[in-house]
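Q: Below: sequence and its predicted model.
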Amino acid sequence: MTDEGRSSQVSVPEAPEPDRERGRGLLITDMLATRWGQHQTSSGLTVWVEVDHNLNVVES
């Protein structure tokens, strides 16, 4: 994922206010990923993600 034109600062997953429409991307990434990280590129901030293919998914 690349966030073009956004802040050049490294982001940290944080829970947003309940009525906020944005700001959950890294929180969800952190919950689902086995590993993830981020780095600055010329076009923005890029987040890389590794997900365990044996991850058990519970259907509701």
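A: Everything's here; your move.

Q: Isn't residue 14 up against residue 27?
A: Yes - between residue 14 and residue 27 there is a contact at 6.9 Å, judged by CB atoms under 8 Å. Any C-beta I mention is one placed from the backbone N, CA and C, and that applies to glycine too.

Q: Excluding chain neighbours, what is closest to the residue nearest to the spatial centre of the chain?
A: Nearest to the mean C-alpha position of the chain, by CA atoms, centre = their mean, lies residue 26 at 2.7 Å. Nearest residue to residue 26 in three dimensions, chain neighbours excluded: residue 13, at 4.0 Å (CB to CB, 6 or more residues apart in numbering).

Q: confidence score at residue 56?
A: If you check residue 56, the pLDDT there is 66.

Q: if we can go back for a sec, was I right about the residue nearest to the centre of the chain contacting residue 15?
A: No - using CB under 8 Å, residue 26 is not in contact with residue 15, being 10.5 Å away.

Q: Which one's more surrounded, residue 14 and residue 27?
A: residue 27 (14 against 10; other CB atoms under 10 Å).
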